[in-house]
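Engineer: Mind looking at a prediction? Sequence and model below.
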Amino acid sequence: MIVKQTLLPDVLILEPARHGDSRGFFSESWNGARMSEAGIDIPFVQDNHSMSDAPGTLRGLHFQSPPYAQAKLVRCGRGSLLDVAVDIRKGSPTFGKWHAETLSFENGRQLLIPAGFLHGFLTLEPMTEIIYKCSDYYNAGADGAVHWDSCGIDWGLKSAPLLSPKDANAQRLSDFDSPFDWEPK
Ligand SMILES: Cc1cn([C@H]2C[C@H](O)[C@@H](COP(=O)(O)OP(=O)(O)O[C@H]3O[C@@H](C)C(=O)[C@@H](O)[C@H]3O)O2)c(=O)[nH]c1=O
């Protein structure tokens, strides 16, 4: 597994090995021991899988408030998507900064997003599937959203995205009182 840094020091790109043969490929999409060797010890407890019918579907930007905060390990099972993390840890030197990564079935790349970040994605192809591990269980009462178009993210959109009503009406980052604090390591 190759681990790459991004400009947000805690957001990592993971590239698991793919073993190709005449049938196709085999890949360990998650291996706890290898993650530990890479210094990533996150107790994942829930796997999520969603499919979006149309390209231009945007889900996000989402978070769960502490004590139900979630780190996420994200990959694309079919199609492709632009996956985005935004730092919302108050006091962080990178507060409000974002990283966008194209995840696709083809590239097998994964994005590790720690707790304290917003997460969202834009689908780039029809019937795109996203699969992600979460470090805490879903808690509807702790679920929150920040407007996708309030963080200066370059989504590369040429027309309005397809949104859920919750996401269309989300608060803007400038009005958002983040429940996360940055702790120096
Ligand atoms: C997130 C989630 C939703 N649900 C339910 C609630 C609702 O009825 C339905 C759809 O929920 P949503 O509209 O919130 O789904 P969606 O907009 O896909 O929300 C997801 O977006 C991405 C960006 C994330 O990072 C995730 O953590 C999650 O917030 O699924 C669960 O049962 N468990 C879950 O873990």
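Structural biologist: Right, received. Where do you want to start?

Engineer: so residue 36 sits in a helix?
Structural biologist: Yes. Inclusion of residue 36 in a helix is indicated when DSSP: H, G, I helix; E, B strand; the rest coil is applied.

Engineer: Compute the distance between it and residue 29, please.
Structural biologist: Using Cβ to Cβ, to the nearest Å, residue 36 is found at 16 Å from residue 29. Quick note: C-beta positions are derived from backbone N, CA and C, even for glycine.

Engineer: Can you show me the helices along the protein?
Structural biologist: Listed in chain order, the helices of the chain (DSSP state H) span residues 32-37, 165-168.

Engineer: Which of these sits closest to the ligand?
Structural biologist: Among the helices of the chain, helix 165-168 comes nearest to the ligand, with 6.1 Å by Cβ to the nearest ligand atom.

Engineer: Any buried residues in that closest one, and which?
Structural biologist: For helix 165-168, the neighbour count (16 or more other Cβ atoms under 10 Å) marks residue 167 as buried.

Engineer: helices or strands next to that helix in the packing?
Structural biologist: Where contact means 3 or more Cβ pairs under 8 Å, 6 or more residues apart in numbering; DSSP states H and E, helix 165-168 is packed against strand 58-64.

Engineer: Show me what the strand it packs on is in contact with.
Structural biologist: Identification of contacts with strand 58-64 by Cβ atoms under 8 Å, 6 or more residues apart in numbering yields 50, 52, 69-70, 84, 86, 88, 117-123, 136, 138-139, 142-148, 151, 155, 161-164, 167, 170, 180.

Engineer: Among these, which are located in strands?
Structural biologist: Within those, membership in strands is found for 50, 52, 84, 86, 117-123, 143-145, 180, as judged by DSSP state E.

Engineer: Start and end of stretch 83-102, how far apart?
Structural biologist: 6 Å (Cα to Cα, to the nearest Å).

Engineer: Report the rounded mean pLDDT for it.
Structural biologist: Average pLDDT, stretch 83-102: 98.

Engineer: Please name the nearest non-neighbouring residue to residue 87.
Structural biologist: residue 94 (4.7 Å; Cβ to Cβ, 6 or more residues apart in numbering).

Engineer: got a list of what the one you found touches?
Structural biologist: 7-9, 87.

Engineer: who's in contact with the residue in the chain that the ligand sits nearest to?
Structural biologist: Residue nearest to the ligand within the chain: residue 138 (3.0 Å; Cβ to the nearest ligand atom). By Cβ under 8 Å, 6+ apart, the residues touching residue 138 are 46, 64.
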